[in-house]
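J.: Predicted coordinates and the sequence they were generated for:
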Amino acid sequence: MDDRQDATDNTDGIKTRVNPKSPREALAPEQAPPLPRSRRARNPIVVVMNALVTLLLLAVFAAGAVLYWGKREFERPGPLTAEKVVVIPADSGLVRIADILENEGVIENPYDMLGHYIFVGGVRAYQQQGRLKAGEYAFPAGISMRGVMNMLVSGKAILHQITFPEGLTSQQIIDRLKQSEFLTGPVPTVPDEGTLLPETYSFTRGASRSQIIEQMKTAHAKALDEIWAGRNRDLPFSDPQQLVTLASIVEKETGKADERPHVASVFLNRLQRNIRLQSDPTIIYGLVGGAGTLGRPITRTDIDKPTPYNTYHINGLPPGPIANPGRAALEAVANPSNTKDLYFVADGTGGHIFAASLNEHNRNVVKWRKIEREKAAAGKADVDTKDPDAVDLPPDADSDTPAAKAPDDPNDLLDGTPPRDPKLPILPQPKPE
């Protein structure tokens, strides 16, 4: 065998060291034989799995980059340069809301149309898609998409208000609801008189008219329960609805808040002495009902016409309220002033002068007649009512006035003045400014 043979095999199959060709080669370390390649590494399944893992890692990295970019876009200041009012209709879904916001310029993205998808994706990422509320929103300048989402979730919409003055009838309240352009839905059936609490109510655009009526009913019931529980126990009422009825008369008799307890005391004193209330607003309600106004002066014919509400002809309270009294009128009747007064007449300033005797009252009426004539001459008379208390009680209602006798004419106004021509209108009482 040639001694320059490159390699020989021993009996164990181990390759022997090749003969060195030079002293340097003899000193060099011997190279290890290459490892045998695994058959598993050459398996196609393993190759595919390695590729999939690589792709998955790349996808995760890309998704992370997209989420980071999307979050940054979702939270960066928006395009609005000034406050913008936008209406989100009821029953709008997330996609429709995003369309509205993009069309109104509240959200956008420099890469065209991506603002829509970023907003939808961001809302879904925060799991708020089912909590966005309809309404009218004033989005401030520069608001981000996340800020928009938070506003819609919180429901911080623009609030509108509708005010119902005390003393309106239920029909007049319904008429006001019809006129509101911010309310929706059909006009409700006219509620029972005296079941609504007149005050100012706030609502968002798109609220229904029925919702406002229900709020007024709830507010009235709550107020009446509280006031009835704290009432003076000497009141001649067994039912809170009687309190509401008298409060509606007090409400229509005076527009001055500080007079209501005093006016209430006059009517309560009359009730306790079985004297007719003789309140002009009850004449008007008996004639026109929920319309609430005659549109002309009260005439003697109106006074003489019996109706279930005309307290010149019926004893005690009318069968129900003649308007919707406010809280102050309800409280005035529940806790009236402590007086012995049975009469009151206008004083020309929007208030009244009170009297306990008919003689004293008649003197007050003479003063009022002078003011009445002056008001009429100046063209300032109210066309809807007259002085509600110049028509008064018979002489025997007051033991202090035996000299005041009823005249022969049954149409005479028992206020110490001569009979009037029943065809002539009675001058109205001026309302407070």
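T.: It's in. Computed from a predicted structure; not experimentally measured. Numbering: from 1, shown residues only.

J.: Work out for me the element I227 sits within.
T.: helix 209-229 (DSSP states H and E).

J.: what's in contact with that helix?
T.: Here helix 209-229 makes contact (C-beta atoms under 8 Å, 6 or more residues apart in numbering) with 162, 164, 173, 177-178, 180, 183-188, 191, 195-199, 201, 203, 240, 243-244, 324, 327, 330-331, 334. Quick note: C-beta positions are derived from backbone N, CA and C, even for glycine.

J.: rerun that using 7 Å as the cut-off
T.: 162, 177, 183, 185, 187-188, 191, 195-197, 201, 203, 240, 243-244, 327, 330-331, 334 (C-beta atoms under 7 Å, 6 or more residues apart in numbering).

J.: Pull out the buried residues from it.
T.: R209, S210, I212, I213, Q215, M216, A219, H220, A223, L224, I227, W228 (16 or more other C-beta atoms under 10 Å).

J.: strands paired with the helix or strand hosting V87, and their directions?
T.: Assigned by DSSP H and E, V87 falls within strand 84-88. As defined by DSSP bridges, the strand partners of strand 84-88 come to strand 135-139 (antiparallel).

J.: residues of the partner strand that come out buried?
T.: G135, E136, Y137, F139.

J.: swap in stretch 147-158?
T.: In stretch 147-158, the ones that count as buried by 16+ other C-beta under 10 Å are G147, V148, M149, M151, L152, V153, A157.

J.: what mean pLDDT would you report for the strand holding V87?
T.: Computed over strand 84-88, the mean pLDDT rounds to 92.

J.: Disregarding flanking residues, what is the spatial nearest neighbour of E253?
T.: Leaving aside its chain neighbours, E253 sits nearest to V263 (5.4 Å; criterion: C-beta to C-beta, 6 or more residues apart in numbering).

J.: Do you know the pLDDT at the one you found?
T.: Looking at V263, its pLDDT stands at 96.

J.: Tell me which helix or strand comes right after the host helix or strand of it.
T.: Using DSSP H and E, the element containing V263 is helix 260-272. Following helix 260-272 in sequence order, the next helix or strand is helix 280-288 (DSSP H and E).

J.: In helices, which of the contacts of helix 209-229 appear?
T.: Among the contacts of helix 209-229, the members found in helices (DSSP state H) are L177, P240, L243, V244, R327, L330, E331, A334.

J.: Mind jotting down where the helices sit in this protein?
T.: 23-27, 44-75, 94-103, 114-125, 145-154, 170-179, 209-229, 240-253, 260-272, 280-288, 300-304, 327-334, 358-377.

J.: so which of these gets nearest F344?
T.: When these are compared by C-beta to C-beta, helix 260-272 sits nearest F344, at 5.7 Å.

J.: residue nearest the centroid of this structure?
T.: Nearest to the mean C-alpha position of the chain, counting by C-alpha atoms, centre = their mean, stands S202 at 3.0 Å.

J.: Please tell me how far the nearest residue to that residue once chain neighbours are set aside sits from R276.
T.: Among residues not flanking S202 along the chain, L159 sits closest, at 4.5 Å (C-beta to C-beta, 6+ apart). Going from L159 to R276 by C-beta to C-beta, to the nearest Å gives 46 Å.

J.: ok, the two, which is more surrounded?
T.: More neighbours surround R276 than the other of L159 and R276, with 18 against 13 (other C-beta atoms under 10 Å).

J.: Give me the phi and psi angles of the more buried one.
T.: phi -60, psi 140 (degrees, to the nearest 10).

J.: what's the distance between it and T299?
T.: 19 Å.

J.: Please apply the same query to G379.
T.: Taken as C-beta to C-beta, the span from G379 to T299 is 19 Å.

J.: Looking at those two now, which is surrounded by more residues?
T.: Neighbours of G379 and T299, each counted by other C-beta under 10 Å, are more numerous for T299; the result is 16 against 6.

J.: Now do that one, the pLDDT please.
T.: pLDDT, read off for T299, is 90.

J.: Specify the beta-bridge partners of it.
T.: Applying DSSP bridges, one finds that T299 bridges with P425.

J.: Would you mind measuring from it to T169?
T.: 22 Å.

J.: One more: G350?
T.: In terms of C-beta to C-beta, G350 sits 22 Å off from T169.

J.: of the two, who's got more company?
T.: Neighbour count, other C-beta under 10 Å: between G350 and T169, T169 has more, with 25 against 15.

J.: Contact partners for that one?
T.: T169 touches E193, G290, G292, A323, N324, counting by C-beta under 7 Å, 6+ apart.

J.: Mind pulling up the pLDDT for it?
T.: pLDDT, T169: 97.

J.: of the contacts of T169, closest to H116?
T.: N324 (48.7 Å).

J.: got the phi/psi numbers for the closest one?
T.: phi -110, psi 100.

J.: Enumerate every residue touching it.
T.: L168, T169, S170, I173, E193, G194, L196, P198.

J.: List just the nearest of those residues to V85.
T.: I173 (28.3 Å).
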